[in-house]
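Visitor: I'd like to go over a predicted model; first the sequence, then the structure.
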Amino acid sequence: MVAGAFRASEHIYGQMGTPLYAEFCRGGANDRTVLALADNGMEGAKPSHLFSAVHYLLLRDPDDPLSRHFATLTEAPLPPQGAYPELARYCREHYDELEQLLRTRTVQTTYAERCRAILPPMCLVAREAGEPLNLIEIGCSAGVLLVFDTFAYDYGNQGAVALADAPFVLRGELQGGGPELFIPRIGTRTGIDLHTIDARSEEERRWLLSLCFPELRAEQERLAQALDVIAASDITMLEGDALQHIDAALAATPDPVCVFHSACLFYWPQEAKQALQDKLLAAGKDRDIWRISIEPSDTFDDWHKGRPGGEGAQQPENRKSGEIAITRYSGGTAERRVVGLPNADYGIIEWLE
């Protein structure tokens, strides 16, 4: 099972633009020691969980020869070819520490670039629901998307927007039009995650940074800047099962309220997804609740699991990896509409309204 995950992930990582991790998968698929170590990782993410744990230790101590293959650790990285023996050695030398990380840390990959997909639907919800908009994010990790309003955005022909003192500009593309773009006024911010990340903790920040692909140096630097913004922001963090927290979070959040999640429910079993839907329907009997979901589609799920054909043959910049949907819960009913189709890195959105 683990070897199969490595073989499937080799193709996936190649498509997603991380040849180093593809090289690790190629070698690891036949390495019993590395496979046994990776088997301690999260179901559905065992290779990436292991590689992130290695990245985490290297960020703490970048002097190991393996670091020379990581663009996030050196300005002139060595090519991925020939890197696997260094990884195998490192895993054997740090086996116990890596095993502990795999048992205690979870995969919570996030990038500031994901905010490129959250701004357009937030503009629609803010127009329809009103401002200041109060936010609840499910699967918030450190809360990067909860501070989306602090960044600057440039969508080319669709316009550029920002408040003063934005730490960086996120550039994207809206195909087929798009809503009127602006920076919504935000009220309260609440995040829910099984394991929240404290942006003020050096160790926890490093874990989140280690989840960045090793080729994405600029993205990792922007994530670090976003964590600085989060550390200075007023965010309520709730740790644990979202289904246990969502009722209380909604009760404590004033109107208008928007619940949102991004690449999170993709990992939930169907019964948990339905339980969340039931809770939002119940909570929406006496008030309006808005929901933004940015989740992988069934076709992306096929590609993600290494199934041949379909969207897996397309390049990442063209592959539509999911849906952006807006749901309004009101009077015990739900009205859902799909407003956009983002590509794999959320940089190109095909707008449908």
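Guide: Noted; the coordinates are in hand. Numbering: from 1, shown residues only.
Visitor: sec struct for the residue most central in space within the chain, please.
Guide: Taking CA atoms, centre = their mean, the centroid of the chain lies closest to Thr110, which sits 3.5 Å from it. Applying DSSP: H, G, I helix; E, B strand; the rest coil to Thr110 yields a three-state assignment of coil.
Visitor: likewise for Thr190?
Guide: Using three-state DSSP, the structure places Thr190 in strand.
Visitor: didn't it look like it was pressed against Glu137?
Guide: Yes. The pair Thr190 / Glu137 is scored as a contact, 7.3 Å apart, by CB atoms under 8 Å. Using the backbone N, CA and C atoms, a C-beta is placed for each residue, glycine as well.
Visitor: low-scoring stretches of this protein, by residue?
Guide: Residues of the chain meeting the criterion pLDDT under 70: 297-321.
Visitor: can you show me the strands along it?
Guide: Remark: strands assigned in the chain by DSSP state E are 133-138, 152-154, 160-161, 169-171, 173-175, 186-193, 236-239, 257-262, 289-296, 322-330, 333-342, 348-351.
Visitor: what distance separates the last one from the middle of the whole chain?
Guide: Computed by CA atoms, centre = their mean, to the nearest Å, the chain-centroid distance of strand 348-351 equals 18 Å.
Visitor: what helices or strands is that strand leaning on?
Guide: Judged by 3 or more CB pairs under 8 Å, 6 or more residues apart in numbering; DSSP states H and E, strand 348-351 is in contact with helix 115-129, strand 173-175, strand 333-342.
Visitor: so which elements touch the last one?
Guide: Counting by 3+ CB pairs under 8 Å, 6+ apart, the packing neighbours recorded for strand 333-342 are helix 115-129, helix 270-283, strand 322-330, strand 348-351.
Visitor: so what's the residue count around Arg127?
Guide: Residues lying near Arg127 (other CB atoms under 10 Å) number 13.
Visitor: re the thing from before, which one of the helices and strands packed on strand 333-342 lies closest to Ile235?
Guide: For Ile235, the closest of the helices and strands packed on strand 333-342 is helix 115-129, at 15.0 Å, according to CB to CB.
Visitor: what's the span of stretch 14-30, first residue to last?
Guide: Stretch 14-30 has an end-to-end distance of 18 Å (CA to CA, to the nearest Å).
Visitor: now stretch 54-72: buried residues?
Guide: Neighbour counts over stretch 54-72 (16 or more other CB atoms under 10 Å) mark 54-59, 64, 66-67, 69-72 as buried.
Visitor: identify the farthest-apart pair in those residues.
Guide: Leu57 and Ala71 (17.1 Å).
Visitor: of the buried residues of stretch 54-72, closest to Glu86?
Guide: Nearest to Glu86 among the buried residues of stretch 54-72 is Leu66, at 4.3 Å by CB to CB.
Visitor: return the residues in contact with that closest one.
Guide: 54, 58, 83, 86-87, 89-90 (CB atoms under 8 Å, 6 or more residues apart in numbering).
Visitor: give me whichever of the helices and strands packed on strand 348-351 is most buried.
Guide: Each of the helices and strands packed on strand 348-351 was scored by mean neighbour count; the highest is helix 115-129, a mean of 22, by mean count of other CB atoms under 10 Å.
Visitor: for Asp96, the count of nearby residues, please.
Guide: 9.
Visitor: over to the one 5 residues further on?
Guide: For Leu101, the tally of surrounding residues (other CB under 10 Å) stands at 21.
Visitor: residues near the closest residue to it other than its chain neighbours, how many?
Guide: Excluding the flanking residues, the one nearest Leu101 by CB to CB, 6 or more residues apart in numbering is Ala53, at 4.1 Å. Applying other CB under 10 Å, we find 28 residues neighbouring Ala53.
Visitor: which residues touch Ala53?
Guide: When contacts are counted by CB under 8 Å, 6+ apart, Ala53 touches 41, 98, 101-102, 105, 210.
Visitor: residues of stretch 202-216 that come out buried?
Guide: 204-205, 207-216.
Visitor: include distance to Thr333 when you put those residues into CSV, please.
Guide: Formatted as CSV, the buried residues of stretch 202-216 follow (distance: CB to CB, whole Å):
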residue, distance to Thr333
Glu204, 40
Arg205, 42
Trp207, 41
Leu208, 38
Leu209, 42
Ser210, 43
Leu211, 38
Cys212, 41
Phe213, 41
Pro214, 46
Glu215, 46
Leu216, 42
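Visitor: and of the residues you listed, the nearest to Pro19?
Guide: Nearest to Pro19 among the buried residues of stretch 202-216: Glu215, at 7.5 Å, using CB to CB.
Visitor: that closest one is in contact with Thr18, isn't it?
Guide: Yes. If you go by CB under 8 Å, Glu215 and Thr18 touch, sitting 5.5 Å apart.
Visitor: now for the two: what residues contact both?
Guide: The overlap between the contact sets of Glu215 and Thr18 (CB under 8 Å, 6+ apart) is empty.
Visitor: how much space separates Ala251 from Lys273?
Guide: Separation of Ala251 from Lys273 (CB to CB, to the nearest Å): 22 Å.
Visitor: which one of these two has more residues nearby?
Guide: Per other CB under 10 Å, whichever of Ala251 and Lys273 has more neighbours is Lys273, with 13 against 8.
Visitor: so who does the more buried one touch?
Guide: Leu265.
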